[in-house]
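Chemist: This is a predicted model, with the sequence first.
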Amino acid sequence: MSSRLVVLVSGSGTNLQALLDAAADDAFGAAVVAVGADRDGIEGLARAERAAVPTFVVRVGDHATRAAWDAALAARIAEYKPDLVVSAGFMKILGPSVLDAWPVVNTHPALLPAFPGAHAVRDALAYGVRVTGCTVHLVDAGVDTGPVIAQEAVAVRDEDDEGTLHERIKTVERRLLVEVVGRLAREGWHAHGRRVRFGRVAQPGDTTQEEHP
Ligand code: GRF
């Protein structure tokens, strides 16, 4: 049986597209059952519509408090009964209504814990690192602080600006996200402290995907 994915986006949605393309093959083990966004008129939503995947938009500005927004978002996600929520370029911090209900995986364009936050590529360039990359991790209540699932390095070139470096990172990021989501769906996962492993066999004391962190 295929895992049900709800994917959250805020922008161009190329990571979403990679998941949609991968999920076209039944052997992937997961299907994108809905795409949610925090804003209208983005290419990410158009990609979902072209793939005939249902979409929803829950704007922070339409809610009196951040907690009310989080609850409204959780209610929309719940309609699609996901096994896993994927934050793929979703530029909002998720709250407990979402995080306590489903495991959430995020992709971040830096090697965490270096350069968390919304300007990871710019910050890495400004720091002058020679190697950066991307991280796929479980989401917790902090900003890009959840347990790491997978990472891959990307070299910084002398001639890089934020745009060229981010594009090279995104090429790696899309492949890594697809690989991780597919394995989570097919193999399951468990965590011991911050260390996440694929596979359903857990040792005593491990967190399993059923009681996700
Ligand atoms: C990705 O690099 C993601 O890590 C970052 O924003 C980018 C989203 O790209 N938060 P896209 O919308 O999937 O093309």
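Modeler: Sure, I can see it. Numbering: from 1, shown residues only.
Chemist: Which phi and psi values does the residue in the chain positioned nearest to the ligand adopt?
Modeler: Using C-beta to the nearest ligand atom, the point where the chain gets nearest to the ligand is residue 89, with a distance of 2.7 Å. Where you see a C-beta, it was placed from the backbone N, CA and C, and this is true even at glycine. With angles defined as degrees, to the nearest 10, residue 89 sits at phi 80, psi 30.
Chemist: Residues contacting stretch 138-145, please?
Modeler: If you take C-beta atoms under 8 Å, 6 or more residues apart in numbering as the criterion, stretch 138-145 is touched by 87, 93-94, 96, 99, 103-106, 108, 112-113, 116-117, 120, 135, 137, 146-147, 149, 191, 196, 212-213.
Chemist: Please flag which of those residues sit within helices.
Modeler: When DSSP state H is applied, those are split such that 96, 99, 120 fall in helices.
Chemist: Neighbour count, pLDDT and distance to the ligand for the residues you listed - can I get that in a markdown table?
Modeler: Formatted as a markdown table, those follow (neighbours: other C-beta atoms under 10 Å; pLDDT from 0 to 100; distance: C-beta to the nearest ligand atom, whole Å):
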| residue | neighbour count | pLDDT | distance to the ligand |
| --- | --- | --- | --- |
| 96 | 12 | 98 | 21 |
| 99 | 21 | 98 | 17 |
| 120 | 23 | 98 | 7 |
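Chemist: Going by distance to residue 183, which of those wins?
Modeler: residue 99 (21.5 Å; C-beta to C-beta).
Chemist: what's near enough to touch that closest one?
Modeler: Counting by C-beta under 8 Å, 6+ apart, residue 99 touches 139, 140, 141.
Chemist: tell me the phi and psi of the second one?
Modeler: Think residue 140. Residue torsions, per degrees, to the nearest 10, at residue 140 are phi -120, psi -170.
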